[in-house]
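Q: Generate coordinates for the sequence data below:
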Amino acid sequence: MIYKISDLYDLNETIAAELFDGKTYPWEVLADIGDFILKLGPTLPAEEFEHPAEDIWIHKSVSVAKTATLTGPLIIDADTEVRPGAFVRGKAIVGKNCVVGNSTELKNVVLFNTVQVPHYNYVGDSVLGTHSHMGAGSITSNVKSDKTLVVVKDEEEQIETGLKKFGAMIGDYVEVGCNSVLNPGTVIGRNTNIYPLSSVRGVIPSNSIFKGRNDIIDKK
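A: Residues are numbered from 1 along each chain as shown. Sure thing, here's the model as predicted:
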C-alpha cells in the first residue's frame, strides 16, 4: 500500500492544511510550498506574527537563537524553538511546539505541529507529521545518486513522482533512530519506529518496527 495524505497526516495539526487540498499523495505539495507561504503569510494576524523580512513570518512566541540562520519563504508557528546553528534555507513551514535543533538544516519542508528535528538533522523536500521525531544525525536524502526521477515503491506497486528532489514522507508519531538515512522516495506510515543506523527506502507500513530491509515487524 502506498499511503495517501489521509493515511499519514492529521491535517488539523498544521497551519498549512489548505496546501494539501485537492492532492492525493503528500509529495504533490512539494512544488507548491514556497508559493503557498507567500499566499498565507500576509493573511496571518499581525498581532501574533512578526514579519522581519518580506517573505518571513514568525509567531511572537517563537524562540530563535541569535546564531540561527533563517531564509524565506518561511513561516514558523507558535511556541517553537529554533536552536543555535540551525539553518533554514527557505520554503519551510514549521508548526507549533516544534524543535529545530543545533546544526539542523531545513529546505522545502512542512513540519506539522510538535515535530522534533533537534540534533544535526538534514530535512529536505519532505513532510513530517505531528509528533514525529528524528534522532540525532538522522537525515533525509533527497536526490538519487544517479540523478534520475524518484519513484515511490512498495512490494506491489510503484508511482512515478516526476520529481528529482524528494526526501521522505513521514507519518504522524514516527520515531526515526539516530544516524539513520531515509533514502529518496521513502514513505513511513503512522506510529512506526525506525531502528538507529538504518538505511530506509520504499514504503514502510504503519504500526511497525523497522529493524532492517528484510526485518520489519508489527508493533504488539
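
Q: all helices for this structure, in order.
A: Remark: helices of the chain, listed N- to C-terminal, are 5-8, 33-40; assignment by DSSP state H.

Q: In JSON lines, list these along with mean neighbour count.
A: Using the backbone N, CA and C atoms, a C-beta is placed for each residue, glycine as well. Shown next, in JSON lines, are those (neighbours: other Cβ atoms under 10 Å):
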{"stretch": "helix 5-8", "mean neighbour count": "16"}
{"stretch": "helix 33-40", "mean neighbour count": "17"}
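
Q: Can you say which of these is nearest to residue 197?
A: Checking the helices of the chain against residue 197 by Cβ to Cβ gives helix 5-8 as the closest, at 24.2 Å.

Q: Which elements pack onto that closest one?
A: Helix 5-8 sits against no helix or strand, with contacts defined as 3 or more Cβ pairs under 8 Å, 6 or more residues apart in numbering; DSSP states H and E.

Q: what does that helix rub up against?
A: Residues external to helix 5-8 that are found in contact with it (Cβ atoms under 8 Å, 6 or more residues apart in numbering): 1, 11, 20, 23-26, 129, 169-172, 187, 189-190, 206.

Q: Can you check those and name whichever has the most neighbours?
A: Neighbours here are counted as other Cβ atoms under 10 Å. On that basis the top member of these is residue 170, with 33 neighbours.

Q: wait, doesn't that one sit right on residue 126?
A: Yes: under the criterion of Cβ atoms under 8 Å, residue 170 lies in contact with residue 126, with a separation of 6.9 Å.

Q: what residues are shared contacts of these two?
A: Looking at what touches both residue 170 and residue 126 (by Cβ under 8 Å, 6+ apart), the common residues are residue 182.

Q: export stretch 131-143 as PDB, just CAs?
A: Output in PDB follows, covering the C-alpha atoms of stretch 131-143 (Å, rounded to 0.1, in the frame of the first residue of the first chain):
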ATOM      1  CA  HIS A 131       4.700  14.200  16.900                       C
ATOM      2  CA  SER A 132       7.300  12.700  14.600                       C
ATOM      3  CA  HIS A 133      10.900  12.800  15.800                       C
ATOM      4  CA  MET A 134      14.200  12.400  14.100                       C
ATOM      5  CA  GLY A 135      17.000  11.100  16.200                       C
ATOM      6  CA  ALA A 136      20.400  12.800  16.300                       C
ATOM      7  CA  GLY A 137      22.200  12.600  13.000                       C
ATOM      8  CA  SER A 138      19.300  11.200  11.000                       C
ATOM      9  CA  ILE A 139      18.700  12.700   7.600                       C
ATOM     10  CA  THR A 140      16.500  12.700   4.600                       C
ATOM     11  CA  SER A 141      18.500  12.000   1.400                       C
ATOM     12  CA  ASN A 142      16.500  13.900  -1.300                       C
ATOM     13  CA  VAL A 143      18.400  13.300  -4.600                       C
END
